[in-house]
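> no sequence for this one, just the structure:
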């Protein structure tokens, strides 16, 4: 299985890719705007690269529950200076986390190679055409509702089957728009229109999504379902996130999106080494 994102290519099976998060927002649930200022965001991206990130996911609009959307102009004002500063400073491929076609287009022109679109090209169908035209990698994520409404009353017949049906329908739509299968990554959308039990069921059953023969991305870092289950504050959820990452790898996930890059890299490399270890022959 191959993932192509403009000039970048990854062939699976291979060690799991770790995607580090850089939020250029004043209202992020995870870091409270800690990297909202330009130099702080750039320094953080460089730090994540040094920690071993395989991808940097840069976003300028919060997708936390009840979040208000920001204008196209404001989102560009937040992310483009960071992208431009990073262009000559890091080699790690950059993903742009956006629902807006103009933001994605300008980010790709500035060097981003992946579009991470929580709206699955439904907010603006031109997003699919943009990815097809530029050859950018495209993360197709499942979300029920919008960030403002998604946690009001999420419900499913059977969550794993429903998310699989969503992927089946939208993969066909994206193919019709010209995207090649090698450009596509699937994300079940943990926390996006899901209750605690939905999140746990999806993580438990990630292996069922292997039928699509596309890389699976899991993003659970610091999310609220961990707090609901364990009573942990946002800054205390790292160990649970590592447990989910290692479980997800065993279930076939190839990309882990996280705030804790160094710890996630270490946990995944150890998990992979244990899986590959051969027992000593008996004498």
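Arrived safely. Please read these numbers as outputs of a predicted model, since none were measured by experiment.
> At which residues are the strands of this structure located?
Applying DSSP state E to the chain gives strands spanning 2-5, 8-11, 17-23, 55-59, 94-97, 114-117, 137-141, 184-187, 216-219, 255-258.
> Using CSV, please lay out those strands together with mean neighbour count.
In short, each C-beta sits where N, CA and C put it, glycine included. Formatted as CSV, those follow (neighbours: other Cβ atoms under 10 Å):
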stretch, mean neighbour count
strand 2-5, 20
strand 8-11, 14
strand 17-23, 27
strand 55-59, 25
strand 94-97, 27
strand 114-117, 27
strand 137-141, 25
strand 184-187, 24
strand 216-219, 25
strand 255-258, 27
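> Nearest to residue 158, out of those?
Residue 158 lies closest to strand 184-187 among these, at 18.0 Å (Cβ to Cβ).
> Which residues are in contact with the residue nearest to residue 11 when sequence neighbours are not counted?
The shortest distance from residue 11 to any non-neighbouring residue, by Cβ to Cβ, 6 or more residues apart in numbering, is to residue 2 (5.4 Å). Each residue near residue 2 by Cβ atoms under 8 Å, 6 or more residues apart in numbering is listed here: 9-12, 182.
> 7 Å instead?
By Cβ atoms under 7 Å, 6 or more residues apart in numbering, the residues touching residue 2 are 9, 11, 182.
> And the pLDDT at the first one?
According to the per-residue confidence, residue 9 scores 96 in pLDDT.
> list the contacts for it?
residue 2.
> What about the residue nearest to residue 52 when sequence neighbours are not counted, how many residues nearby?
Nearest residue to residue 52 in three dimensions, chain neighbours excluded: residue 265, at 4.0 Å (Cβ to Cβ, 6+ apart). Neighbourhood size, residue 265 [other Cβ atoms under 10 Å]: 21.
> What's the local residue count around residue 251?
Residue 251 has 17 nearby residues by other Cβ under 10 Å.
> and the residue nearest to it when sequence neighbours are not counted, what is it in contact with?
Using Cβ to Cβ, 6+ apart and skipping the chain neighbours, the partner closest in space to residue 251 is residue 206 (3.7 Å). Taking Cβ under 7 Å, 6+ apart, we find residue 206 in contact with 216, 248, 251-253.
> Relative to residue 108, how far out is residue 206?
From residue 206 across to residue 108, the span is 29 Å (Cβ to Cβ, to the nearest Å).
> What of residue 243?
34 Å.
> Comparing those two, which residue is more hemmed in?
With neighbours defined as other Cβ under 10 Å, residue 243 and residue 108 compare such that residue 108 has more, 23 against 14.
> who touches residue 60 in this structure?
24-25, 75, 78-79.
> In helices, which of these fall?
Members of those lying in helices (criterion: DSSP state H): 75, 78-79.
> Redo the contacts of residue 60 as a markdown table? Include pLDDT, distance to residue 220 and neighbour count.
Compiled in a markdown table, the contacts of residue 60 are given as follows (pLDDT from 0 to 100; distance: Cβ to Cβ, whole Å; neighbours: other Cβ atoms under 10 Å):
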| residue | pLDDT | distance to residue 220 | neighbour count |
| --- | --- | --- | --- |
| 24 | 88 | 21 | 28 |
| 25 | 80 | 19 | 25 |
| 75 | 92 | 24 | 24 |
| 78 | 93 | 24 | 22 |
| 79 | 93 | 23 | 27 |
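> And those, which is closest to residue 48?
residue 24 (13.4 Å).
> close enough to count as contact, that closest one and residue 41?
Yes: taking contacts as Cβ atoms under 7 Å, residue 24 lies within contact range of residue 41: 5.0 Å.
> how close does the nearest residue to residue 245 once chain neighbours are set aside sit to residue 53?
Counting by Cβ to Cβ, 6+ apart, residue 245 lies nearest to residue 256, which is 4.6 Å off, once chain neighbours are set aside. Distance, residue 256 to residue 53, by Cβ to Cβ: 10 Å.
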